[in-house]
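J.: Pasting a predicted model and its sequence here:
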Amino acid sequence: MTMSAAAATPLLSGTPAAAAPDRPSDLLYIGTWGQGQVYAVRFDPGRGTMTSLGSVAHVSSNWVAAHPTRPVLYVAGGEQGGYIRVFRIDDASGALRQLDEITVEPVPTGSGGLSYIGLTRKADALLVADFAAGSAVTVPVGPDGGLRAVASVVQDVGSGPSPRQSGPHPHYVIVDPSRRYALVADFGADRVFVYDYDPATHRMSADASEGPGSFATAPGSGPRRLAFHPNGRTLYLLNELTADIQVLRWDAKHGVLTARQIVPTNSADHTGTTSAAELAVSRDGRHVYTSNRGENALVVFSVDPATGLLAETQRLPCAGVTPWSFALHPEGRWLFVANEASGSVNLFAVDRASGHLTDTGASVAVPNPDCIAFRTRTEGPGAGPS
């Protein structure tokens, strides 16, 4: 484990330094694609400054996720076996100490590739998309943030016309607001699979005779990300290969999705590679954000409060190359972009009224960043259980 210091990167001049004078700084943990490291950055949300802490763990990090209340970081590996590692966070230094390691592949697939891990809203289970194995997995989380034994593994089926779609490749897993269903965006099968979910056992399952319910996307679309609107009735689906967002109606009583709208994330004069990557909905449900890797752009949409339908309101450069992912800060004032090919994490300010983004010019260097997780606190250093 190594630590390196760097000068804090200031925000644009004129930002009020006293916006949150007593608010402790946050920690950002950043996965690195193919680099076998996790990086850390200390962020002051009041002053808008980022300070690089360098590499804090030497481990494969396809995706990272932080517990919302415990000083615990989960890291999904890309090596054979589907490994997830659990680390204790030292709030004072940002250092990581490994606590546990599990594998979600009882029989290794021969190639690694966990594409996503994320916690349920209650942080009582970890949801896992195993891209290589074609499966989705649930792992219960204990009160201390530790992982229990794997609760369920479901196997997707299907393929698509792209050479990258020779079989099922889950890219994202989410539990719906009713906690009765788990939805899996499957890049390889051109489907959103709908599995039954038991919140008591955290098991996903499907009807033995009929299999899971599903929503079929256009052939070759490559479903990548899902995000529910806060009203629980609208689901947004981002397709990677066609770089569009589908607005879907969610019927929580029957577990059924219905298509309502498709909006492009490509510009009207787009040429060349088509690839969308990340998706997020603002906490108030008024704005939807996405990243477009083919155009190195961020695209902002307004949400019609009555219908949930989208209208593009802003398109701007991502301040780097290949915006693999981004993360909205929990306070809603900041958006961090992991620009993988240019090796930087760039900071944007969010206007919460309009939803529009402003490039602050602030960034930190990270080799091939692919995802960002936040460790936020409301107390001083050392907060949280041991």
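T.: That came through, no problem. Numbering: from 1, shown residues only.
J.: When you work out contacts or count neighbours from here on, use the C-alpha atoms and nothing else.
T.: Fine.
J.: quick one, strands of the stretch 201-350 of the chain?
T.: With strands called from DSSP state E, counting those that start in this stretch, the stretch 201-350 of the chain shows them at 203-205, 213-216, 223-228, 234-239, 244-251, 256-264, 276-281, 287-292, 297-303, 310-317, 323-328, 334-339, 344-350.
J.: Can you say which of the ones you listed is nearest to Thr32?
T.: Set against Thr32 and scored by CA to CA, the strands of the stretch 201-350 of the chain come closest in strand 334-339, at 9.4 Å.
J.: Partner strands of that closest one and their direction?
T.: Counting by DSSP bridges, the strands paired with strand 334-339 are strand 323-328 (antiparallel), strand 344-350 (antiparallel).
J.: Now do the helix or strand that the longest one is followed by: which elements does it pack against?
T.: Along the chain past strand 344-350, the next helix or strand (assigned with DSSP states H and E) turns out to be strand 357-365. Based on contacts counted as 3 or more CA pairs under 8 Å, 6 or more residues apart in numbering; DSSP states H and E, the elements that strand 357-365 packs against are strand 49-57, strand 344-350.
J.: chain center to strand 357-365: distance?
T.: Chain-centre distance of strand 357-365: 20 Å, with CA atoms, centre = their mean, to the nearest Å.
J.: Check which residues of that strand are buried.
T.: Leu357, Asp359, Thr360, Ala362, Ser363, Val364 (16 or more other CA atoms under 10 Å).
J.: Also compute the angle for it relative to strand 310-317, please.
T.: For strand 357-365 against strand 310-317, the angle by axes from the mean of the first three to the mean of the last three CA atoms, to 10 degrees is 50 degrees.
J.: Adjacent strands (with direction) for strand 357-365?
T.: By DSSP bridges, strand 357-365 pairs with strand 344-350 (antiparallel).
J.: CA-only coordinates of the strand it pairs with in CSV, if you can.
T.: Output in CSV follows, covering the C-alpha atoms of strand 344-350 (Å, rounded to 0.1, in the frame of the first residue of the first chain):
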residue,chain,number,x,y,z
SER,A,344,-8.2,12.0,-15.2
VAL,A,345,-11.1,12.5,-12.8
ASN,A,346,-12.7,15.9,-13.7
LEU,A,347,-15.0,17.9,-11.5
PHE,A,348,-18.2,19.6,-12.7
ALA,A,349,-20.5,21.9,-10.7
VAL,A,350,-24.2,21.2,-10.9
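J.: if we can go back for a sec, tabulate the strands paired with strand 334-339 in CSV, adding columns for mean pLDDT and distance to Gly31.
T.: As requested, the strands paired with strand 334-339 are arranged in CSV below (pLDDT from 0 to 100; distance: least, CA to CA, whole Å):
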stretch, mean pLDDT, distance to Gly31
strand 323-328, 98, 11
strand 344-350, 98, 11
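J.: Adding distance to Phe187 and mean neighbour count, write the ones you listed out as a markdown table.
T.: Formatted as a markdown table, these follow (distance: least, CA to CA, whole Å; neighbours: other CA atoms under 10 Å):
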| stretch | distance to Phe187 | mean neighbour count |
| --- | --- | --- |
| strand 323-328 | 16 | 24 |
| strand 344-350 | 26 | 23 |
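J.: Thanks again, I'm all set now.
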